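Enquirer: build me a structure from this.
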Amino acid sequence: MMGAFRMVPFMGALADSSLPSTLLQVAVINHKTAASLSPPPPLLSTRRVFLTSLPISTVLLTFAAPPLLRAAPPLPTYDPVTSSERDASSVLQRRVAEAVELLDKGREFQAKGEFSNALECFSQVAINYKDFAFSDYARVGRALALYELGDRDEAIIEMEDVSISLKGYPEVHAALAAALYADKHAPLLAENQFTIATLMDARYTDLSYVRDTKHWPPSLVASLQRFITLS
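Expert: Numbers count the residues shown, from 1 in each chain. Model (predicted):
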């Protein structure tokens with residue numbers, strides 16, 4: 001009887017109500033057993049499973065992305081300074097160096113007592129580099145050299161002018177005080193200038209300081225001594 005039952009289609013057997021219930025139960029069990037013994041469907045590869053788990057937008061971007069571009073060449077550096085400005089800066093630096101060198105030479109000659117050479121160096125700075133603020137210090141040295149070389153009127157004019165542009169610079173005020181007292185016989189003006197000088201630097205009351213440290217010419221040291229001693 002079992003051989004005859006296998007020839008009956010499973011669905012037809014279920015539909016045939018004339019079959020005994022025992023046979024129907026056996027048929028269902030045989031069908032489940034056959035289904036369990038059938039080979040499973042092939043598994044998807046890992047890549048396919050991963051791709052199917054991603055959002056569709058991510059998948060499209062993955063396949064549509066272009067290959068990596070080559071590194072772009074570096075952009076040229078931007079220099080805010082033009083060539084003409086750079087040239088002007090070089091010229092300015094050279095002029096400053098020249099002026100400072102002349103100023104230092106003038107002070108060296110002054111310290112040695114070579115006031116003619118000192119006057120030449122100070123005059124070059126005062127005339128050729130007058131656009132620099134420190135040229136006023138060269139004018140102070142020039143006035144001291146002029147005073148020693150006998151041109152005292154010109155020296156006093158230079159001192160008076162520089163005492164305005166370098167107002168508060170004690171050396172020029174002290175030198176002007178000595179010259180005004182000794183050569184212009186103006187004690188009140190001299191006192192005013194000397195007050196400014198000593199308020200800024202009290203060492204100008206010491207003759208050894210102006211002689212040995214500031215290297216004033218002997219004639220101006222003598223004039224300062226006359227002013228201090230009121231002689």
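Enquirer: select the longest helix from the protein.
Expert: Counting by DSSP state H, the longest helix found in the chain is helix 83-112.
Enquirer: helix or strand right after it?
Expert: Per DSSP states H and E, the first helix or strand lying C-terminal to helix 83-112 is helix 115-128.
Enquirer: so how many other residues sit close to the closest residue to Val221 other than its chain neighbours?
Expert: Excluding the flanking residues, the one nearest Val221 by CB to CB, 6 or more residues apart in numbering is Arg211, at 5.0 Å. From N, CA and C alone the C-beta is placed, and that goes for glycine too. Counted with other CB atoms under 10 Å, the neighbours of Arg211 add up to 16.
Enquirer: for Arg211, give its distance to Ile196.
Expert: Distance of Arg211 to Ile196, given as CB to CB, to the nearest Å: 21 Å.
Enquirer: just for this structure, where's the confidence low?
Expert: Along the chain, the model assigns pLDDT under 70 to residues 1-71.
Enquirer: could you rerun that using 90?
Expert: Residues of the chain that meet the criterion pLDDT under 90 lie in 1-88, 231.
Enquirer: what are the ranges of the helices in it?
Expert: Going by DSSP H, the chain shows helices at 2-6, 10-15, 21-37, 46-53, 56-64, 83-112, 115-128, 135-148, 152-165, 170-183, 187-200, 207-208, 218-229.
Enquirer: in TSV: those, plus mean neighbour count and distance to Ala72.
Expert: As requested, the helices of the chain are exported to TSV (neighbours: other CB atoms under 10 Å; distance: least, CB to CB, whole Å):
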stretch	mean neighbour count	distance to Ala72
helix 2-6	9	76
helix 10-15	12	70
helix 21-37	11	63
helix 46-53	10	32
helix 56-64	10	22
helix 83-112	14	27
helix 115-128	20	52
helix 135-148	24	53
helix 152-165	18	57
helix 170-183	25	63
helix 187-200	16	63
helix 207-208	12	73
helix 218-229	17	72
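Enquirer: who wins for proximity to Leu75 among these?
Expert: Closest approach to Leu75 among these (CB to CB): helix 83-112, 20.0 Å.
Enquirer: format the helices of the chain as JSON lines; extra columns: distance to Pro73.
Expert: Output for the helices of the chain, formatted as JSON lines (distance: least, CB to CB, whole Å):
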{"stretch": "helix 2-6", "distance to Pro73": "80"}
{"stretch": "helix 10-15", "distance to Pro73": "75"}
{"stretch": "helix 21-37", "distance to Pro73": "67"}
{"stretch": "helix 46-53", "distance to Pro73": "37"}
{"stretch": "helix 56-64", "distance to Pro73": "27"}
{"stretch": "helix 83-112", "distance to Pro73": "24"}
{"stretch": "helix 115-128", "distance to Pro73": "49"}
{"stretch": "helix 135-148", "distance to Pro73": "50"}
{"stretch": "helix 152-165", "distance to Pro73": "55"}
{"stretch": "helix 170-183", "distance to Pro73": "61"}
{"stretch": "helix 187-200", "distance to Pro73": "61"}
{"stretch": "helix 207-208", "distance to Pro73": "71"}
{"stretch": "helix 218-229", "distance to Pro73": "69"}
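Enquirer: which stretch among these comes nearest Pro74?
Expert: Taking the helices of the chain one by one with CB to CB, helix 83-112 is closest: 21.9 Å.
Enquirer: which strands or helices does that closest one pack on?
Expert: For helix 83-112, the contact count by 3 or more CB pairs under 8 Å, 6 or more residues apart in numbering; DSSP states H and E identifies helix 115-128, helix 135-148 as packing neighbours.
Enquirer: would you mind putting those helices into CSV with distance to Ser223 alongside?
Expert: Below are the helices and strands packed on helix 83-112 laid out as CSV (distance: least, CB to CB, whole Å):
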stretch, distance to Ser223
helix 115-128, 15
helix 135-148, 8
